[in-house]
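J.: structure here, sequence nowhere to be found:
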């Protein structure tokens, strides 16, 4: 029992089938509270599909997903976010025509309690909460050194900063579990090193559990405590990072025979 | 009149809608734009044929050909001038441009021909209708008026007959062209992925021009057939059939060629049947109602492909 | 002050100034009957275009059925006023209630239509909204209402059976294709007041968490869901709000003309309003206001050239769209926005053009 209580995410026998194709087959995975967990594997292994099931974009064919003791299997994406999972996307999905600040404020949406009427009639609670949200959003942007660009359109940010903004927006929803889908994609080694620092900082500062998909082995080896390796939708290996990365099967899967 | 009679007139109207819808759907498939001006090409086709037939020297068959040529050229020119510069613009900008083209064609026709309706002479006016008459010995076939009104099963006017036959032939030819010829396959490729098609050596601009040319020539044929069956012709003649054909294309699954054919024919039949049995004033409302019900249960139309956004 | 708030105040100020100047000129008799007569319709069309901008520009969904909601408001408000003509004799009170009735009626239609329709997206949504607009128009074209001392008689598709009507007290309220004759309760002051309320409500909606939610859905549907936005709720609320104001505009319209017929509300009207919205700039209320004033007034002013004006209008429309999306306009925009007075363009107003 005691072990179960410290689990943030538990995935049991998770399967999804598209037509005849089993994209993810019988996946089991447990992420402890406060852990930095990596989900790796070659292209097409089904990693993003797992994320999509965890966040409700796809409904699993079978299996259960438990977040912090609550069964969230098959719930709608917005519901799952309210339960405490936030994510970033492999192909960045920002609100391009909104300002950087507003992107984060959309993340704070459910924290704002004023009603439609209060907003339209500009009653005191609107001003109070908007002001508080502006401050909170600016604070979050400061963490990612984006506060200088908060009035800019999100689409005008350079690529690396867009990735950061996506993380900031996800954090704004005050999640228990943060899913990062290839956060270092398209970054140079310096940017990656900086990103590693940021991810660790987020974990420590926000007391966050983080599950990430990544191809950059330096990043994976540098920050992930445990790993699950997927290959063709099935678990290939699982365990402490250093051991998994030295596993023969894993090396074969990545490099071929 | 019998149910079969309404069904046949529905088929004939539906065949015309299908021809227009084919133009809509082909252009949508390839240029990803709603060509709101497509309906007005029908009207241009009608006026061109009307003008040619009215002049004493021009035989009917030549008038139809002139009409097709004029519309084909017009379609290609419109694409080059108005749509091509906007190929990478947001879809709404292209839609508004198409609306502009539609206004342009309507008002140009208004200036040239005036606003009062012209009486379009049928392209098959001297041909007698077919009649199917039920007698003791079975169904008999007449081509001259017969005095057996009580036993009359079905009258098919020459216009109806020609509309159905011509449309079927064109649809068959178009299906063959698209699936079996190089140019047709190029059209499919461009509508699937413009960039990849270009890399494979397909001339995208020429293919798009070809699509507009085919779509507009179909509209010209539809215009002549429609004006023969429903002979009132004015600058706004094309606009409602254009919208209906748009509905038909969406109904069948926009972008799908067999979808446009099925959608067009179904729409014509539904319209004529509801005119006959429910209310002629409400027939348009019923057509839209059916469309809405279909889309609610099948959000991409009858034969439309489901497009899932990759996350 | 926040930049958005300042921008909104400027827009409101522009509208007020426009109507104050031209209303004043009209009252002083300088403007002439023809131009004076344009002020009320311009105000009504501005309400239509800014409310459509909420659906198209802020929510990012193409609606071609705005005229349908206007039709609902026009008839509901008009029928209400006609029936109540002898009950509520103070015209402005009757008119205010009529506006509320028409607005709520259109909102209700927006809700009923929105629930099934908003499952669809893009071009499918466009054709279905167009279809609903046409259905509403056709139905309105077939309703007959007659009142007499026994109460109201309704009929659909055929005129009310004359045998059941008491001819002495007969009053035709709705006459199928002949429409209704609502009392002439609309005046310029009322239009301007309603217009200002519309603008303020829409601006406040857009600059609040609801508006941000709608814009996030417009910009990225999947990401919006991933941060916990209830997509259905906000799409529906923007759609309903937009319909409600179209209904309000309809009430003003039906009370500003002597005879209202449903033919007016066909898809061409929806398209006309859409043209105002797109040319004014998606998501920019100020743009919608300016585009409406110019595009509505110009063809009316140039009625002398009646034969050519619509042709020229069409050509101008095509070339404006081509120019707007061309490289040349990008360069021009950069040069203009580099001028000191334009340095403060708000991110909110930039809209979804690049979607």
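T.: Received it, and whenever you're ready, just let me know what you need. For clarity, every value in this text was computed on a predicted model and none was experimentally measured.
J.: need the helices for chain C, in chain order.
T.: C:3-27, C:33-53, C:66-84, C:91-117, C:122-140, C:188-206, C:209-219, C:221-226, C:231-254, C:267-280, C:285-301, C:306-324, C:327-338 (DSSP state H).
J.: can you check the stretch 51-200 of chain A too?
T.: A:77-83, A:100-107, A:116-120, A:124-143, A:159-172, A:189-206 (DSSP state H, counting those that start in this stretch).
J.: take the helices of chain C and lay them out in CSV including distance to residue A:116 and mean pLDDT.
T.: C-betas here are computed from N, CA, C, even on glycine. CSV is the format used below for the helices of chain C (distance: least, CB to CB, whole Å; pLDDT from 0 to 100):
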stretch, distance to residue A:116, mean pLDDT
helix C:3-27, 18, 93
helix C:33-53, 16, 94
helix C:66-84, 19, 96
helix C:91-117, 13, 95
helix C:122-140, 23, 90
helix C:188-206, 8, 97
helix C:209-219, 6, 96
helix C:221-226, 17, 96
helix C:231-254, 7, 97
helix C:267-280, 23, 92
helix C:285-301, 18, 90
helix C:306-324, 34, 84
helix C:327-338, 34, 72
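J.: list the contacts of the spatially closest residue to residue A:53 that is not a sequence neighbour.
T.: Leaving aside its sequence neighbours, residue A:53 sits nearest to residue A:60 (CB to CB, 6 or more residues apart in numbering or on different chains; 4.9 Å). Counting by CB atoms under 8 Å, 6 or more residues apart in numbering or on different chains, residue A:60 makes contact with A:14-16, A:24, A:53, A:73-74.
J.: the helix or strand hosting residue B:100 near chain A anywhere?
T.: Element membership of residue B:100 [criterion: DSSP states H and E] is helix B:91-113. No - judged by CB under 8 Å from any CB of the partner chain, helix B:91-113 makes no contact with chain A; its nearest approach is 13.7 Å.
J.: summarise which helices and strands that helix is packed against.
T.: helix B:38-54, helix C:267-280, helix C:306-324 (3 or more CB pairs under 8 Å, 6 or more residues apart in numbering or on different chains; DSSP states H and E).
J.: now do 10 Å
T.: Secondary-structure packing of helix B:91-113 (3 or more CB pairs under 10 Å, 6 or more residues apart in numbering or on different chains; DSSP states H and E): helix B:38-54, helix B:60-78, helix B:239-252, helix C:122-140, helix C:267-280, helix C:306-324.
J.: what about the residue lying closest to residue B:235 once chain neighbours are set aside, neighbour count?
T.: Using CB to CB, 6+ apart and skipping the chain neighbours, the partner closest in space to residue B:235 is residue B:109 (3.9 Å). Neighbour count of residue B:109, defined by other CB atoms under 10 Å in any protein chain shown: 22.
J.: do you know how far residue B:109 is from residue B:37?
T.: For residue B:109, the distance to residue B:37 equals 12 Å [CB to CB, to the nearest Å].
J.: would you mind listing what in the stretch 151-257 of chain A touches chain B?
T.: Proximity of the stretch 151-257 of chain A to chain B (CB under 10 Å from any CB of the partner chain) is limited to residues residue A:181.
J.: before we move on, back to that, in the helix holding residue B:100, what counts as buried?
T.: Using 16 or more other CB atoms under 10 Å in any protein chain shown as the test for burial, helix B:91-113 gives B:91-110, B:113.
J.: cool, stretch C:87-106 as well?
T.: C:88, C:91, C:94-96, C:98-99, C:101-103, C:105-106.
J.: out of those, which comes closest to chain A?
T.: For these, the closest approach to chain A (CB to the nearest CB) belongs to residue C:103, at 14.0 Å.
J.: from residue C:255, how far off is that closest one?
T.: 13 Å.
J.: likewise residue C:179?
T.: Distance of residue C:179 to residue C:255, computed by CB to CB: 13 Å.
J.: out of these two, which sits in the more crowded spot?
T.: residue C:255 (26 against 22).
J.: near chain A at all, stretch C:241-261?
T.: Yes - Stretch C:241-261 reaches chain A (CB under 10 Å from any CB) through residue C:241.
J.: returning to what we had before: buried subset of the contacts of residue A:60, written for PyMOL?
T.: A single PyMOL command selects the buried members of the contacts of residue A:60 (16+ other CB under 10 Å):
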select buried, chain A and resi 14+15+16+24+53+73
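J.: coming back round to it: now for residue C:179 and residue C:255: what residues contact both?
T.: C:74, C:78 (CB atoms under 10 Å, 6 or more residues apart in numbering or on different chains).
J.: out of the helices and strands packed on helix B:91-113, nearest to residue B:186?
T.: Each of these has some distance to residue B:186 by CB to CB; the shortest is helix B:60-78, at 16.3 Å.
J.: which helices and strands sit right next to the closest one?
T.: Packing partners of helix B:60-78 (3+ CB pairs under 10 Å, 6+ apart): helix B:3-31, helix B:38-54, helix B:91-113, helix B:204-229.
J.: now it: buried residues?
T.: Across helix B:60-78, burial judged by 16+ other CB under 10 Å covers B:60, B:63-64, B:66-68, B:70-72, B:74-76, B:78.
J.: so, low pLDDT: which residues of the stretch 201-311 of chain B?
T.: Along the stretch 201-311 of chain B, segments meeting pLDDT under 70 span B:306-309.
J.: contacts for the helix or strand where residue B:190 lies, please.
T.: Element membership for residue B:190, per DSSP H and E: helix B:182-192. Contact with helix B:182-192 is made by B:25-32, B:174-179, B:181, B:196-198, B:200-208, B:210-211, B:214, B:255, B:257, as judged by CB under 10 Å, 6+ apart.
J.: out of those residues, which touch chain C?
T.: For chain C, the contacts drawn from those by CB under 10 Å from any CB are B:28, B:32, B:255.
J.: just how off-centre is stretch C:237-247 within its chain?
T.: Offset of stretch C:237-247 from its chain centre (CA atoms, centre = their mean, to the nearest Å): 9 Å.
J.: if we can go back for a sec, pull up the overlap in contacts between residue C:103 and residue C:255.
T.: residue C:77.
J.: so which residue of the stretch 151-300 of chain B comes closest to chain A?
T.: residue B:195 (16.8 Å).
J.: return the distance of that residue relative to residue B:202.
T.: In this view, residue B:195 and residue B:202 are 11 Å apart by CB to CB.
J.: same check, this time on residue A:114
T.: 55 Å.
J.: and if you look at residue B:35?
T.: 21 Å.
J.: who has more neighbours, these two?
T.: More neighbours surround residue B:35 than the other of residue B:35 and residue B:202, with 30 against 19 (other CB under 10 Å).
J.: excluding chain neighbours, what is closest to that one?
T.: Closest to residue B:35 by CB to CB, 6+ apart is residue B:27, at 4.7 Å.
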